[in-house]
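A.B. asks: model this:
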Amino acid sequence: MKKIIIAAIFIASGILNAQENKGVTKIEKGTWNFTTDLSVYSFNRSYDQIKNENSTFSFNITPKLNYFIGDNLSLGFGIGYNYRKNDNTDNNQNLTTQNTNTFSFNSYIKKHYFIVSNLSFFLQGEVNYQTGKTKTIFQNSSNIPTSDINTFFIGIRPGVSYFLTNRIAIQAYFGSLGYTNTTIKNGTSFKENQNRFDLNLNPSQLIFGMSYYW
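C.D. replies: Sure, this is the predicted structure:
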């Protein structure tokens with residue numbers, strides 16, 4: 001009797017394991033999904049002739065919640081935190097540092113196209129709004145001016161998603177295509193407005209994520 005019970009447990013475990021690892025070829029309507037996206041970027045450039053150096057570091061984390069309104073088609077919303085630091089050393093070796101902290105609010109629609117089992121290509125159409133502040137620190141000055149920065153983006157992001165199990169997937173975005181408007185205000189004396197439409201393949205646009213489906 002004991003051997004029968006053990007065999008039954010073994011068989012049941014095998015069946016559950018096989019079901020858990022079967023290939024994913026469709027994400028069904030009514031599915032929920034929680035994703036955390038993460039991006040880290042570092043860049044350094046120097047000019048020996050003029051002794052000028054520039055470096056950039058940025059970090060972004062964005063939790064997102066999605067609901068599939070149709071097979072392979074979802075609507076989602078996310079709230080993220082973004083940090084960016086720029087260091088610039090001029091010809092006289094004076095260092096200027098800019099620290100930018102922003103929060104982002106993101107809504108989007110995403111369509112998956114399965115290439116093979118467990119692997120999908122997706123297109124994400126999104127609207128993204130970021131708001132925050134930039135502090136500029138001069139090496140030889142106690143004055144630290146602060147600017148308000150607001151950025152609006154509307155466009156598309158392509159990416160790929162790979163299912164490790166029926167419920168867990170990893171994903172990556174690469175680049176973006178769209179319109180961006182940025183407004184920078186420094187008190188009441190200065191206001192800069194930037195508008196651009198471009199295909200952005202900068203490495204800072206490489207974003208990785210981990211997703212859980214239920």
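
A.B. asks: who touches Asn99 in this structure?
C.D. replies: Counting by CB atoms under 8 Å, 6 or more residues apart in numbering, Asn99 touches 83-85, 134-135, 137. Heads up, the C-betas are built off the backbone N, CA and C, glycines and all.

A.B. asks: isn't Lys29 right next to Leu75, touching?
C.D. replies: No. Taking contacts as CB atoms under 8 Å, Lys29 lies outside contact range of Leu75: 11.7 Å.

A.B. asks: Which neighbours do those two have in common?
C.D. replies: Ile69.

A.B. asks: all helices for the protein, in order.
C.D. replies: For the chain, the helices defined by DSSP state H cover 2-20.

A.B. asks: looking at it, which helix or strand does the model trust least?
C.D. replies: Ranking every helix and strand in the chain by mean pLDDT, DSSP states H and E puts helix 2-20 at the bottom, with a mean of 39.

A.B. asks: can you give me phi and psi for Gln93?
C.D. replies: When read as degrees, to the nearest 10, the backbone of Gln93 gives phi 70, psi 30.

A.B. asks: what about it, how many neighbours?
C.D. replies: As a burial measure, Gln93 scores 10 neighbours (other CB atoms under 10 Å).

A.B. asks: From Asn140, how far off is it?
C.D. replies: According to CB to CB, to the nearest Å, Gln93 stands 11 Å off from Asn140.

A.B. asks: For stretch 144-159, list the C-alpha coordinates in CSV.
C.D. replies: The C-alpha trace of stretch 144-159 is given here as CSV (Å, rounded to 0.1, in the frame of the first residue of the first chain):
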residue,chain,number,x,y,z
ILE,A,144,23.3,74.7,-6.4
PRO,A,145,20.6,75.6,-8.9
THR,A,146,17.6,73.3,-9.3
SER,A,147,15.5,72.9,-12.4
ASP,A,148,12.1,71.3,-12.9
ILE,A,149,12.0,68.8,-15.7
ASN,A,150,8.9,67.3,-17.4
THR,A,151,9.1,64.8,-20.3
PHE,A,152,6.2,63.5,-22.4
PHE,A,153,6.7,60.5,-24.8
ILE,A,154,4.4,58.8,-27.2
GLY,A,155,5.6,56.0,-29.5
ILE,A,156,6.3,52.3,-29.8
ARG,A,157,8.9,50.0,-28.3
PRO,A,158,9.8,46.6,-29.8
GLY,A,159,10.9,43.7,-27.7
